[in-house]
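[1] have a look; sequence and predicted model below, questions after that.
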Amino acid sequence: MHKKDMVSYGDYQRTAEWILSHTKHQPKVAIICGSGLGLLADGLQNPDSFPYSDIPGFPESTVPGHAGRLVFGELKGKTCVCMQGRFHMYEGHPLCKVTFPVRVFKLLGVETLIVTNAAGSLADSYNTGDIMIIRDHINIPGFSSISPLCGPNDERFGPRFPAMSSAYDKDLYRLALEICKSLGISHFVREGVYCMVGGPNFETIAEARLLHKLGVDAVGMSTAPEVLVANHCGMRVFGLSLITNRVVKDYEDKEAVNHEGVLGVSNMRSQTLQMLVTELVGLMDVNNNNSSE
Ligand SMILES: O=P(O)(O)O[C@@H]1C[C@H](O)[C@@H](CO)O1
Ligand code: HPA
């Protein structure tokens, strides 16, 4: 691993200290917004917002649909921090930079991470616009040791060999399903397995068929690294995929996915996602500090 691709404990601390000196909010919940899902941050009350370019140690966000802002505020009385835009491996960021904010959040006192993403569906029963609650993931880059947990392990964050058999919190998962029922949206809510690929290209037909055979329900280019790092440092995790397109599995099929289409579907459904996340944060058990005191 190159030195430039390493981040020290002091680097995370410096960023956390900078944040604490710029906002009174002390978040317990962090939310990462996927492509076109930045609206999730717009519901925060008493917001403090910082462009990533102002925050020491934060990389730059280069993907359309990822505004590149960190927003602090309250959702249903609970203090949250929201990443309006995430970092992807395909942008050229090393995975320690992709996941840098997660460890900074840990140092700020965050206990729960909510991840969202845009994804293509492999499951035959899924429709564009469905919301998939992530039950588990397959991390394809991780199969070849491309993982944010590779390299020297810092025990201050977590163990060398973390278990990942409960990567997504079952209580939050069940709570979200109940909320979907009460919101009357269960007919387009699914439960499934997300698979991370490196991107930035979308899948070939052969790759799509392989993922389908593997039991993947939805595929995307993010999320797994953040979930690994959050679990490693003891956070509980909840994840949502918005199904923005069907992944083509047939050589005769002329449909071709593109990022603009992905953003179009995200924008169409972002209000529903915002409702679901807001209710979830409101009902989840959080040992919250009141930042306005
Ligand atoms: O950040 P997410 O995973 O939501 O972004 C997805 C994957 C690619 O970055 C992009 C493709 O349209 O959307
Ligand atoms: O079909 C897809 N494949 C990979 N990533 C994606 N992100 C949105 N849709 C897709």
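    Done, it's in. Ligands and ions are numbered 1, 2, ... in the order given.
[2] I'd say N117 and S241 touch.
    Yes - at 5.4 Å, N117 counts as touching S241 under the criterion of C-beta atoms under 8 Å. Where C-beta positions appear, they are placed from N, C-alpha and C, glycine not excepted.
[3] any common contacting residues for those two?
    Common neighbours of N117 and S241, using C-beta atoms under 8 Å, 6 or more residues apart in numbering, are 34, 194, 220, 223.
[4] narrow the residues you listed to those in strands?
    194, 220 (DSSP state E).
[5] closest one of the shared contacts of N117 and S241 to G43?
    G34 (16.0 Å; C-beta to C-beta).
[6] does the closest one touch N117 like I think?
    Yes - assessed by C-beta under 8 Å, G34 is found in contact with N117 at 3.6 Å.
[7] what about the two, which has more around it?
    Using other C-beta atoms under 10 Å as the criterion, G34 and N117 rank with G34 on top: 30 against 27.
[8] check contacts around M89.
    95, 98, 141, 146, 198-199, 221, 225.
[9] and this structure, which residues reach ligand 1?
    Residues of the chain lying close to ligand 1 (C-beta under 6 Å from any ligand atom) are 34-35, 63, 86, 88, 117-118, 199, 220-222, 259, 262.
[10] pipe those residues into JSON lines and attach pLDDT per row.
    Below are the residues of the chain next to ligand 1 laid out as JSON lines (pLDDT from 0 to 100):
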{"residue": "G34", "pLDDT": "93"}
{"residue": "S35", "pLDDT": "88"}
{"residue": "V63", "pLDDT": "89"}
{"residue": "R86", "pLDDT": "96"}
{"residue": "H88", "pLDDT": "97"}
{"residue": "N117", "pLDDT": "97"}
{"residue": "A118", "pLDDT": "97"}
{"residue": "G199", "pLDDT": "96"}
{"residue": "G220", "pLDDT": "98"}
{"residue": "M221", "pLDDT": "98"}
{"residue": "S222", "pLDDT": "98"}
{"residue": "H259", "pLDDT": "92"}
{"residue": "V262", "pLDDT": "93"}
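[11] can you tell me how far G198 is from F143?
    Computed as C-beta to C-beta, to the nearest Å, the G198 to F143 distance reads 11 Å.
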